[in-house]
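Engineer: Quick one: sequence plus predicted model below, questions after.
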Amino acid sequence: MRVGIIGGGATGLAAAHELAKQGHRTAVYERAPFLGGHASTFDVGGTPLERGYHHLFTSDTDILELIDELGLGHRMRWIDSKVGTLHDGTIYNFVTPLDLLRYKPLSLIDRVRLGLVTLYLQRRRDWRGLEGVTAADWLRSHAGKRVYDRFWGPMLRGKFGEEHCERVGMAWVWGKIHTRVASRGRGMLKEKLGYPMGSFGEIFETLARKIQELGGEVHVSRSVQRIVVEDGRATGLELGDGAGDASTEAFDAVIASTPSNIFPRLVPPLPDDYMAKLSDVSYMAAVLIVLVLDRPLSDKYWLNIADRSIPFVAVIEHTNFIGPQHYGGKHIVYLSNYLGTDDPIYRMEREELLQLYLPHLKKINSGFDLSWVEASYHHRIDGAQPVIGTNYSQRIPDHRTPFKGLYLANTTQIYPEDRGTNYSVRMGKRVARMVMEDMA
């Protein structure tokens, strides 16, 4: 077979690799000038750094197996996580389960309720009984309104904004908790997070080389204008070269790893039932400011912001995870936001965001001064976070689309897990096997 793959992120590359290992000819087309999608890297002082902060959990077995298969297993490092929450000018540790009981914005009885509800969710194995209710309703009912308003609510608002935080399904929260619990090990005390010391970029570059060694093609800066469908079957891709010229390549099957809101633009009109499933999910965009500082901002790797006066939702100090010695002694800090594309902050450019954001860093470190900032970068990632509502298992779009030989694989189809490179790799391999089964 000859299989065309749209998207050079973790899903598309994993699918191409799986197919190429079985002797099929693959061609990956990525419109950006780099590979890796949300986990792609850029250069900071001669060292590759992810555009959006990334790490792995010990339960991320699919991508860890792929890393070993690529001969990069020795590059993995496992490090104790340092997590905190900023509330009313105070940073509270959230490293061990006992830290829940020290969270003073809640009364003692509310801290106990928070701990018991969290423990219950950690031990609950069945998520299906939770998917019929929103996270906001379930958490208010079981943990109490004060616990929701001062702990869970700020996190959901930070991830999904005011517009969507009330409609997120409880199964999503269950999935997040189970991912983190699995990375704590048997002692349940400290969370271990993993990072490939050559960056995630090294994984994707090595994967692309392996695909090419197996006879496949990997193209960057090459966009797909249209998926060619004839008599109800995908037969090729119409490609653009950036200069306005188009060409068509014939394929026996096509895998699209595009977001659900982009996919309909590439194909003929879809049946109403499949189109309704694609339209059911909204997306949040990620807006990131990356700061290069001459000294540390805090001692936390991941700092959740539970203060609505601060215009960003998390501070990820990468060099409290991977030491500053890997970045020329500099300290790398991400200021993270999840927004709708109609939000004014989404439309701001780097200088506007810096003027808005930087004064608030004094609430994290009272000694912060603008002179600490040596460089800054701005990244905007559309389609970063799908908003998954209730009873979503009944509405997931099938990987096999209504057109024969055409497959869809994106982050709306990994439910109940949340987006992540591990699940993208798993999905890419699974869809590649579907293609081979169907074509056989």
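Structural biologist: Cool, the structure landed. Residues are numbered from 1 along each chain as shown.

Engineer: going forward, measure contacts and count neighbours with C-alpha atoms only.
Structural biologist: Noted.

Engineer: Where do the helices of this structure begin and end?
Structural biologist: If DSSP state H is used as the criterion, the helices of the chain fall at 10-21, 61-69, 108-123, 135-143, 145-147, 153-164, 170-182, 200-213, 272-279, 344-347, 350-357, 421-439.

Engineer: What are the buried residues along the second one?
Structural biologist: Think helix 61-69. Of the residues in helix 61-69, those buried under the neighbour-count criterion (16 or more other C-alpha atoms under 10 Å) are 62, 63, 64, 66, 67.

Engineer: distance of the fourth one from residue 428?
Structural biologist: What that stands for is residue 66. The spacing between residue 66 and residue 428, counted by C-alpha to C-alpha, to the nearest Å, is 12 Å.

Engineer: now do the last one
Structural biologist: With distances taken as C-alpha to C-alpha, residue 67 is found 15 Å from residue 428.

Engineer: one step back: quickly, which of the helices of the chain bottoms out on average pLDDT?
Structural biologist: Taking each of the helices of the chain in turn, the one with the lowest mean pLDDT is helix 170-182, at a mean of 81.

Engineer: Run the angle between that one and helix 108-123 for me.
Structural biologist: What separates the directions of helix 170-182 and helix 108-123 is an angle of 80 degrees, with axes from the mean of the first three to the mean of the last three C-alpha atoms, to 10 degrees.

Engineer: Tell me the helices and strands packed up against helix 170-182.
Structural biologist: Taking 3 or more C-alpha pairs under 8 Å, 6 or more residues apart in numbering; DSSP states H and E as the contact definition, the neighbouring helices and strands of helix 170-182 are strand 56-57, helix 108-123, helix 135-143.

Engineer: strand partners of the shortest one, parallel vs antiparallel please.
Structural biologist: Within its sheet, strand 56-57 is paired with strand 192-196 (antiparallel), according to DSSP bridges.

Engineer: ok, residues contacting the helix or strand of the chain with the lowest mean pLDDT?
Structural biologist: Taking mean pLDDT, DSSP states H and E as the measure, the chain has helix 170-182 as its least confident helix or strand, at a mean of 81. With contact meaning C-alpha atoms under 8 Å, 6 or more residues apart in numbering, helix 170-182 is reached by 57-59, 121-122, 127-128, 130-136, 138, 188, 191, 388, 390, 416-418.

Engineer: Now which of these would you call buried?
Structural biologist: Neighbour counting over the contacts of helix 170-182 (16+ other C-alpha under 10 Å) leaves 57-59, 121-122, 127, 130-136, 138, 191, 388, 390, 416-418 as the buried ones.

Engineer: Skip the chain neighbours and tell me the closest residue to residue 90.
Structural biologist: The spatially closest residue to residue 90, leaving aside those adjacent along the chain, is residue 364, at 8.0 Å (C-alpha to C-alpha, 6 or more residues apart in numbering).
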